[in-house]
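*Asks:* My questions are about this predicted structure, shown below with the sequence.
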Amino acid sequence: MSCIRLPSLRQTVDMKEVRNNMFSEKLNNGMRVVGEIMPGYRSVSMGVWINAGSVYEQGDEIGAAHFIEHMLFKGTAKHSSSEIAEIMDAVGGNLNAFTGKECTCFYGRVLERSLDVISDILADIIGNSLLAPEEIKKEKGVVCEEIAMNEDTPEDIVLETAMAGFYEGDPLERPILGSRESVRSFTHDGLVKYMDRLYKPDNMVISVAGNFNDKELMKILNNSFTAIGSADRNDVEFGIHKPGKRVKFVKKDIEQTHICMCLPGFKKDTKESYAQLLFTNAMGGSMSSRLFRRIREESGLAYSVYAYPTAYGNSGLITLYAGTSAENSLTVMEMMLDEIKTTGREGITKAELARAKDQIISSFLMAQESTAARSSSIGRTELLHGRHYSEDEIIGKIEAVTMDDIEAILPTICGLDDFSAACAGRCDAVEDDMRRLLLG
């Protein structure tokens, strides 16, 4: 199959204009602000990013980052939860949040005329939430139901189980939601202690993208975000992968069997991590990828089959997934292993590399065509990398990957002496055979 090569980004975008529309500042309290002015848009998206994810939890705090994310919408010293919702509805905006392994983000989107509203609301819920004991009690039930919902989603279970096996003994092994036991143990004082340690200006980044004036923005943010103090976070070392082969089974009486493998990858923001991105796309990132063609198109053994990379500060991994019937699960796993071995031995083709570049660059550019996506992109990279990247920098790193770069990472990824695998579903009939296949 031929590839349609994209023109160079520099031929399609005035990069001087892009760079001039990006800025980085600090508020009076020391909080970092990154922004991108997007003329022609009517909306503004704002996010507050906090280095407070599951890897920073200590002792009985497991699940606290996610629980606090829920609690901050339950009322502040200024506004009840219903008033917060009414304020956002009145300006036609939206407000939400998510928790990850490394960070928590609170974000919203409004028309440019309501920039002060989203700024005040985000500052209020992050700095003035009551964490009322009666609300904590109710939210424990909500989060326990969320855990139950996750346990009823076998695809989520197998992905989380395989990753936990890959990072066995490391903070990344912890589930973001925590457990029912940890959630039920949360107290007002314990949650306040967690926030006092991490929810400080020097541990946060504000990202803004859309139609705004940068000087007016800084005035609004300085009026809203007035809290002071420094984070008291111990340096947590995470992302240390324990080498070896591990396989885990989660037995559930469901129609499909879900199988997953985590292979060793490379840490973020390195040349290897960009080669890993392209390799993974060729393996299972698209309809033309090797796993999709072989397992779904040629064999008809799965509807959902894919691969994706994950990169952290100290390490990375590549995850392969397929959902199939119990009787076909061993065959599908054999196909996965065969593709890994074949690719490790022969590499990918020049056409596959070119196609992967075209797809990833196109997907990246199309994903940036919203204020929310741009705010998320610059906020996350500023918080986790200490800087934000322009489009030409990211695309330049992707375009720079060579066949030699791909070949150099294959022994690490495809050696099959180091991986974590998981199977969820009716595994009884295949467990012994799958153990022998994977572990030898």
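*Replies:* Ah, there it is.

*Asks:* need the next SSE after the helix or strand where E69 lies, C-terminal direction.
*Replies:* Here E69, judged by DSSP states H and E, is contained in helix 64-71. Beyond helix 64-71 in the direction of the C-terminus, DSSP H and E gives the next helix or strand as helix 81-90.

*Asks:* how close does the spatially closest residue to E112 that is not a sequence neighbour sit to E173?
*Replies:* Closest residue in space to E112, ignoring its immediate chain neighbours: N211 at 4.5 Å, by CB to CB, 6 or more residues apart in numbering. (Glycine included, C-beta is placed from N, CA and C.) Computed with CB to CB, to the nearest Å, the distance linking N211 and E173 is 43 Å.

*Asks:* quick one on the thing from earlier: what are the contacting residues of the helix holding E69?
*Replies:* Defining contact as CB atoms under 8 Å, 6 or more residues apart in numbering, one finds that helix 64-71 is touched by 52-54, 56-57, 97-99, 104, 106, 129, 131, 135-136, 139, 142-143, 176-178, 183, 186, 190-191, 194-195.

*Asks:* can you give me the mean pLDDT across that helix?
*Replies:* Helix 64-71 comes out with an average pLDDT of 98.

*Asks:* residues contacting the residue nearest to E112?
*Replies:* With CB under 8 Å, 6+ apart, N211 has these contacts: I37, M38, P39, G40, Y41, R42, S43, V44, E112.

*Asks:* let's see 7 Å
*Replies:* N211 makes contact with M38, P39, Y41, R42, V44, E112, according to CB atoms under 7 Å, 6 or more residues apart in numbering.

*Asks:* Kindly report the same for G313.
*Replies:* G239, K267, K268 are the contacts of G313 under CB under 7 Å, 6+ apart.

*Asks:* repeat for C103
*Replies:* W49, I50, N51, A52, G53, L383, L384.

*Asks:* at 6 Å instead, please
*Replies:* Contact analysis of C103 by CB atoms under 6 Å, 6 or more residues apart in numbering lists W49, N51, G53, L383.

*Asks:* Can you give me the separation between the residue most central in space within the chain and I176?
*Replies:* Central residue of the chain (CA atoms, centre = their mean): G100, 6.4 Å from the mean position. Applying CB to CB, the value for G100 to I176 is 7 Å.

*Asks:* Over to S329?
*Replies:* 27 Å.

*Asks:* The two: who's more crowded?
*Replies:* More neighbours surround S329 than the other of S329 and I176, with 26 against 20 (other CB atoms under 10 Å).

*Asks:* The more buried one looks like it's in a strand, true?
*Replies:* No. Counting by DSSP: H, G, I helix; E, B strand; the rest coil, S329 is located in no strand; its state is helix.

*Asks:* how many neighbours does the closest residue to it other than its chain neighbours have?
*Replies:* Sequence neighbours aside, T257 is the residue nearest to S329 in space, at 4.1 Å (criterion: CB to CB, 6+ apart). T257 has 27 neighbours, counted by other CB under 10 Å.

*Asks:* and T257, bridged to which residues?
*Replies:* T324 (DSSP bridges).

*Asks:* thought it was touching T331?
*Replies:* No. Look at T257 against T331 with CB atoms under 6 Å: they stay out of range, at 11.1 Å.

*Asks:* for the stretch 101-250 of the chain, what spans make up the strands?
*Replies:* With DSSP state E, counting those that start in this stretch as the criterion, the stretch 101-250 of the chain has strands at 104-111, 204-210, 245-251.
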